[in-house]
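J.: pasting the structure only:
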């Protein structure tokens, strides 16, 4: 079973940037579609971005143009780079994967990391 560990969270000022990393152990990510999903305070988990095993990307409207998801299959890692962050981006960010095409439905992801907290101050 692939295990995921996120890193890179912390306190960021509004207008700044963040880069999150997701490292896999126990297996390769090359056959999976991967996603970043977040949960803000008092909110449900919401889709942020996904990348298929072939590199096709999908983004939530709220982050499109500000965030980029990428993957390095050789290093079994997935990344999320965001610019011009906003207080509304404050959330726990999870890396998740599934065996199949990339989707925007949070419930379709089969394995998850434990999350990394991102707090954007105004």
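T.: Structure received. Fair warning: this is a prediction, and the values are worked out from it, not measured in the lab.
J.: use CA for all of it now, contacts and neighbours both
T.: Fine.
J.: Hmm, residue 95 and residue 112 touching each other?
T.: Yes. With contacts defined as Cα atoms under 8 Å, residue 112 counts as touching residue 95 at a distance of 5.9 Å.
J.: okay, the two: which has more neighbours?
T.: Using other Cα atoms under 10 Å, the more surrounded residue of residue 112 and residue 95 is residue 95, with 30 against 20.
J.: Verify the contact between the more buried one and residue 29 for me.
T.: No. The pair residue 95 / residue 29 is not scored as a contact, 11.8 Å apart, by Cα under 8 Å.
J.: which parts of stretch 115-122 are buried?
T.: Residues 115-121 are the ones in stretch 115-122 that count as buried (16 or more other Cα atoms under 10 Å).
J.: so of those, which ones are in strands?
T.: Residues from the buried residues of stretch 115-122 lying in strands, with DSSP state E as the criterion: 116-121.
J.: residues contacting residue 18?
T.: With contact taken as Cα atoms under 8 Å, 6 or more residues apart in numbering, residue 18 is in contact with 8-9, 12, 80-83, 85.
J.: per-residue confidence at it?
T.: Residue 18 is assigned a predicted lDDT (pLDDT) of 96.
J.: Return the distance of it relative to residue 69.
T.: 12 Å (Cα to Cα, to the nearest Å).
J.: That's all I had, so thanks and see you.
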